[in-house]
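Asks: Sequence plus the predicted model coming up.
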Amino acid sequence: MIRISSLVHVYDQGRSLKFPDWEIGDMEQWLLLGASGSGKSTLLNIIAGLLKPGQGEVLINGTDLYALSARERDSFRGKHIGIVFQKPHLIRSLDVLDNLELAAVMAGLPVDHERNLSLLADLGISELAKNYPDQLSQGQLQRVSVARALVNKPDLLIADEPTSSLDDENASQVIRMLAIRAKDNGAALLIATHDARVRDHFTKTYLL
Ligand SMILES: Nc1ncnc2c1ncn2[C@@H]1O[C@H](COP(=O)(O)OP(=O)(O)OP(=O)(O)O)[C@@H](O)[C@H]1O
């Protein structure tokens, strides 16, 4: 279970961003909605342990994320949280499969080669396993990012605008993939989006 309470963040010279308290139960699937600039990415980064908030608390399965040291938080994130960023942060000098395997290595977990191949197959990109990021389209890169986020069987899967560069068919496929894989892995799912096509798939929404 994830709980945020009394969260406030102020960027240098920015306005104060206040986030309503929120509880995400085990395996619940939520949409985070809000206008551009309302703070969706900021909140995702705080929940992911990537941005220390000015005030407030993030509890994930009983762990107070910002009571951990930065190093402990990195380790916690690697093992428990999968993230699909707006822009895929893949390593250019590694092929797709190695990018997936690196996610396990970085988290200190064993590499599960078969699982990684099957993740690529589920996303319809098996044939790209040996390709390098520079050789892929934006939509393909996005799908690789989704696969990479699932590599370590996270408790929480977070996606920031995961469908913005995909056509209708692929957007729907990625949302289904996120929803099914989150469920299969016992993970909660949290997606930030403007995408009306995504809204139809969810009943739980948190509005900024
Ligand atoms: N690194 C930063 N430094 C200063 N201000 C920032 C920074 N990142 C975001 N902001 C500001 O904080 C506010 C919230 O930004 P954020 O990116 O979280 O919104 P968002 O809802 O994700 O927007 P979008 O839907 O356009 O991606 C905006 O006013 C933005 O300009």
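Replies: Right, received. Where do you want to start? Please read these numbers as outputs of a predicted model, since none were measured by experiment.

Asks: Give the helix, strand or coil label for the closest residue to Arg176 other than its chain neighbours.
Replies: With CB to CB, 6 or more residues apart in numbering as the measure, His201 is the residue that lies nearest to Arg176, at 7.7 Å, once sequence neighbours are left out. Using the backbone N, CA and C atoms, a C-beta is placed for each residue, glycine as well. When classified by DSSP: H, G, I helix; E, B strand; the rest coil, His201 comes out as coil.

Asks: Then Glu72?
Replies: Glu72 - assigned by three-state DSSP - is helix.

Asks: What spatial separation is found between it and Leu190?
Replies: Taking CB to CB, to the nearest Å as the measure, Glu72 falls 22 Å from Leu190.

Asks: which one of those two has more residues nearby?
Replies: Leu190 (28 against 13; other CB atoms under 10 Å).

Asks: wait, what's in contact with that one?
Replies: 24, 29-30, 32, 44, 47, 156-159 (CB atoms under 8 Å, 6 or more residues apart in numbering).

Asks: Kindly recompute the last result at 7 Å.
Replies: Counting by CB atoms under 7 Å, 6 or more residues apart in numbering, Leu190 touches 24, 30, 32, 156, 158.

Asks: what bridges to it?
Replies: Going by DSSP bridges, Leu190 is paired in beta bridges with Trp30, Ile158.

Asks: Next, work out how far apart it and Ala70 are.
Replies: 22 Å.

Asks: Can you tell me which of the contacts of Leu190 lies closest to the ligand?
Replies: Leu32 (8.7 Å; CB to the nearest ligand atom).

Asks: what does the model give Gln55 for pLDDT?
Replies: Looking at Gln55, its pLDDT reads 96.

Asks: Pairing-wise in the sheet, spell out the partners of it.
Replies: With DSSP bridges as the rule, Gln55 is bridged to Val8.

Asks: residues near the closest residue to Asn99 other than its chain neighbours, how many?
Replies: With sequence-adjacent residues excluded and distances taken as CB to CB, 6+ apart, Asn99 is closest to Leu90, at 5.0 Å. Per other CB under 10 Å, the neighbour tally for Leu90 reads 21.
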